[in-house]
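Student: heads up, no residue letters with this:
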């Protein structure tokens, strides 16, 4: 039986047979034990130990220091029997004399059965010799190499444990093991894939999409690469299965639900009259608020995006926020024939009918404003209030500005040629157009949103059809209270377009925003005012009380 047990995974600690802490005389005494225990069963040359710990001293004195250290260790743990096999040129640990977690970990990892792998995982409490310092370049280099070796062993143990747990039917335990492995090695695409496959087999399709998004982000940020085709195939399979799920009945989404966190949204599908599956989501609690789809959405990706998450989190903290991906975007069907304005309004009608809502306010952003206006005119009995931000009555071609048309035509060429490329240079032009004052992180997310949310073909077709929108003849027919907001220096949609909406909709309130971004970002001075004005407007005239009673 070992007289002491040394733990090194997560920091150095030694205990005696009674479990009481055992203090070794010096830090170098601990280092000697670590050097020998990490390679137990292998006799270590004295010269190697000296070089790692006393390399800056004369050879004779260094050998004497090593001998003194071995003697001090013997004294600390009890001299007889000798725990070391000390030869003239080598030193090793007597088998069984000193136990260690690194020894047990290696032995348990080789057994590959469920109980052994669980025991091995329990030993993994942190990096090898965490916080250990000798301040010697040679020892630090050795420690770095050994940490890497045990790090990979721990990841391997957790990965194998996940497979055994899955075989035993415990998907939750398997997922927990893979999450631990991923926390240790976030760049391991193999671990990402295993986690995605597990969630796919369990029917957790939204989780697969989230894992893929996280994988893409870390690979791009740290390595400048993109996921392998096998990883992307799992993501595409999850999207396909999610789309093929049976569409809900109008009562499938309960009107009263508990509070939801950032990612706890309920995603469902409905089918339009022309057979297109539209993905829609509900998050939060309280009175309903419906947000129209805009130029480019992804129900899952937007939750973590620094461009959208602040708005979604604030709104879902007070309302039951209902969003959807328009046709050709995000989780909705990509292969569609019709991107016309009429089709976009029908998408909104299908989503509202599927939720079973009776009366609710509408939020439109960008081209979503035109869709919201069309719905409000057709269904004034259902819309209580209208919030329009960054919108327009006439699309870029309908505005008939030669300079703008030339720019948009050039953009169309860039979309067709560069949208689907992994190099974001083409998409960065769009990003700079929509959020010129964004941070590098926000630019990266917007670049990725464009690639992830739709195909180059769909992006080009949407640009063309959105450019032809003209709802100017509907503005005077809007009868619900309306708030219009627009950034003064918006480069994507001219400020004059927002002013036209406000001046043509009877009784509309107009709020210019001191910003050049098409989407208001959370670091802007305009953001608090933007949010407060929307909240105040939606609370006016007792509408909240009415909506609580109907929603």
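Tutor: Right, received. Where do you want to start? Note that the structure is predicted; figures quoted are calculated from it, not measured.
Student: what does stretch 399-409 contact?
Tutor: Contacts with stretch 399-409, where a contact means C-beta atoms under 8 Å, 6 or more residues apart in numbering, come from 392, 396-397, 463, 467, 494, 497. Glycine gets a C-beta too; all of them are placed from N, C-alpha and C.
Student: Buried residues, that stretch. List them.
Tutor: Neighbour-count burial for stretch 399-409, with 16 or more other C-beta atoms under 10 Å as criterion, is recorded at 399, 408.
Student: do the same with stretch 352-366
Tutor: Residues of stretch 352-366 classed as buried under the neighbour-count rule (16+ other C-beta under 10 Å) are 352, 354-355, 357, 359-366.
Student: contacting residues around residue 372?
Tutor: Residue 372 is in contact with 292, 348, 362-364, 386, 388, counting by C-beta under 8 Å, 6+ apart.
Student: actually residue 334, sorry about that
Tutor: For residue 334, the residues meeting the contact criterion (C-beta under 8 Å, 6+ apart) are 328, 454-455, 458.
Student: let's go with 10 Å and repeat that
Tutor: 239, 243, 276, 325, 327-328, 453-455, 457-458 (C-beta atoms under 10 Å, 6 or more residues apart in numbering).
Student: what do you get for residue 331?
Tutor: Shown here is residue 331, whose contacts under the criterion C-beta under 10 Å, 6+ apart are 205-206, 209, 238-239, 242-243, 267, 269, 277-281, 297-301, 324-325, 453.
Student: Sort out for me which of the contacts of residue 372 are in strands.
Tutor: 362-364, 386, 388 (DSSP state E).
Student: between the residues you listed, which is closest to residue 231?
Tutor: Taking C-beta to C-beta as the measure, residue 363 is the one of the ones in strands among the contacts of residue 372 closest to residue 231, at 34.9 Å.
Student: Tell me the pLDDT of that closest one.
Tutor: For residue 363, the model assigns a pLDDT of 98.
Student: Could you count how many residues lie near residue 163?
Tutor: 17 (other C-beta atoms under 10 Å).
Student: do the one 4 residues further on as well
Tutor: The criterion is other C-beta under 10 Å. On that basis, residue 167 has 10 neighbouring residues.
Student: Look up how far residue 40 lies from it.
Tutor: For residue 167, the distance to residue 40 equals 31 Å [C-beta to C-beta, to the nearest Å].
Student: now swap in residue 365 and tell me
Tutor: In this structure, residue 365 lies at 63 Å from residue 40, with C-beta to C-beta as the measure.
Student: cool, and residue 132?
Tutor: Applying C-beta to C-beta, one obtains 18 Å for the distance of residue 132 from residue 40.
Student: One more: residue 192?
Tutor: As it turns out, when the distance is counted by C-beta to C-beta, residue 192 lies 34 Å from residue 40.
Student: more crowded one of the two?
Tutor: Set side by side, residue 192 and residue 40 show unequal neighbour counts under other C-beta under 10 Å, the larger going to residue 192 at 26 against 15.
Student: which residue packs closest to the more buried one, ignoring adjacent ones?
Tutor: Spatial nearest neighbour of residue 192, excluding adjacent residues (C-beta to C-beta, 6 or more residues apart in numbering): residue 215 at 4.2 Å.
Student: any idea which helix or strand carries the one you found?
Tutor: Here residue 215 sits within helix 205-223, counting by DSSP states H and E.
Student: could you check the distance from the residue positioned nearest the centre of the chain over to residue 156?
Tutor: Centroid-nearest residue in the chain: residue 214, 4.3 Å away (criterion: C-alpha atoms, centre = their mean). Going from residue 214 to residue 156 by C-beta to C-beta gives 21 Å.
Student: Residue 217 too?
Tutor: Taking C-beta to C-beta as the measure, residue 217 and residue 156 are separated by 25 Å.
Student: same check, this time on residue 316
Tutor: 40 Å.
Student: Next: residue 144.
Tutor: The spacing between residue 144 and residue 156, counted by C-beta to C-beta, is 19 Å.
Student: Check the burial of the nearest residue to residue 97 once chain neighbours are set aside by counting its neighbours.
Tutor: For residue 97, the nearest residue in space outside its immediate sequence neighbours is residue 83; the separation is 3.8 Å by C-beta to C-beta, 6+ apart. A count of nearby residues for residue 83, using other C-beta under 10 Å, gives 22.
Student: quick one: contacts for residue 83?
Tutor: 2-4, 33, 36, 70, 73-74, 77, 93-94, 96-98.
Student: Can I get those in a markdown table including secondary structure and distance to residue 63?
Tutor: Formatted as a markdown table, the contacts of residue 83 follow (DSSP: H, G, I helix; E, B strand; the rest coil; distance: C-beta to C-beta, whole Å):
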| residue | secondary structure | distance to residue 63 |
| --- | --- | --- |
| 2 | coil | 28 |
| 3 | coil | 26 |
| 4 | strand | 25 |
| 33 | helix | 18 |
| 36 | helix | 16 |
| 70 | helix | 11 |
| 73 | helix | 16 |
| 74 | helix | 17 |
| 77 | helix | 22 |
| 93 | strand | 19 |
| 94 | coil | 21 |
| 96 | coil | 27 |
| 97 | coil | 23 |
| 98 | strand | 22 |
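Student: Buried subset of those residues, written for PyMOL?
Tutor: Only the buried entries of those go into this PyMOL selection, using 16+ other C-beta under 10 Å:
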select buried, resi 2+4+33+36+70+73+77+93+97+98
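Student: list the contacts for the residue nearest to residue 481 when sequence neighbours are not counted?
Tutor: Of all residues beyond its chain neighbours, the one nearest residue 481 is residue 385 (5.1 Å), with distances taken as C-beta to C-beta, 6+ apart. Residue 385 makes contact with 289, 359-363, 376, 480-483, 534, 537-541, 543, 547 under the criterion C-beta under 10 Å, 6+ apart.
Student: Thank you kindly, that will do.
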